[in-house]
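Participant: Turn this into a structure:
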Amino acid sequence: MSTRCTHTLRTGLRCKLKAKDDQNRCKRHTQHQCPVCLELIGEGDKKTLICKHTFHMNCILSWFVEGDTCPVCRVSQRRDELIVFREEIQESMRRKYMDAIGSLESDIRQMRAPRTLPHRRRDGFRLGEIARRALDGDE
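Facilitator: Okay, the predicted model is just below:
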């Protein structure tokens with residue numbers, strides 16, 4: 001009995017050709033397949049992680065935008081040069097914009113602070129009323 005290729009096509013179906021190698025792949029699918037997009041990976045467009053899983057560079061870059069684990073086995077990739085580079089950039093941006101953020105937060109606190117009303121004089125008139133009467137000539 002012959003074994004069938006274990007390669008999964010983009011449509012989600014399995015290849016129906018006979019397996020030719022020890023990884024149960026046919027001759028057409030002996031190259032690595034990207035687990036993210038399920039396309040074959042060329043020699044120049046690949047990234048192998050610490051856990052030895054291989055991906056298209058663009059696929060793993062998109063994945064690393066949100067996290068720092070392997071999409072297949074979830075092993076942390078914190079020591080991977082892409083993750084280290086991403087974290088250095090993030091820290092640099094935090095330092096660069098910390099002053100601007102602090103200034104904006106200060107402005108927001110001032111805008112949210114309750115405003116004080118004009119003080120009343122002992123005779124009960126507010127200063128605004130006195131000014132209005134002076135302009136109207138009611139003094």
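Participant: Regarding the closest residue to residue 37 other than its chain neighbours, what is its secondary structure?
Facilitator: Of all residues not flanking residue 37 in the chain, residue 59 sits nearest, at 5.4 Å (CB to CB, 6 or more residues apart in numbering). Glycine gets a C-beta too; all of them are placed from N, C-alpha and C. For residue 59, the assignment made with DSSP: H, G, I helix; E, B strand; the rest coil gives helix.
Participant: Now the helix or strand in which residue 98 is found: buried residues?
Facilitator: According to DSSP states H and E, residue 98 maps onto helix 81-112. Residues residue 83 are the ones in helix 81-112 that count as buried (16 or more other CB atoms under 10 Å).
Participant: Looking at it now, give me its mean pLDDT.
Facilitator: Average pLDDT, helix 81-112: 86.
Participant: Count the neighbours of residue 5 for me.
Facilitator: 21 (other CB atoms under 10 Å).
Participant: about what we covered before: wait, what's in contact with the residue nearest to residue 37?
Facilitator: Taking CB atoms under 8 Å, 6 or more residues apart in numbering, we find residue 59 in contact with 34, 36, 37.
Participant: could you measure the nearest residue to the second one once chain neighbours are set aside against residue 107, distance?
Facilitator: If I follow you right, that is residue 36. Using CB to CB, 6+ apart and skipping the chain neighbours, the partner closest in space to residue 36 is residue 59 (3.8 Å). Counting by CB to CB, to the nearest Å, the gap from residue 59 to residue 107 is 42 Å.
Participant: Thanks a lot, catch you later.
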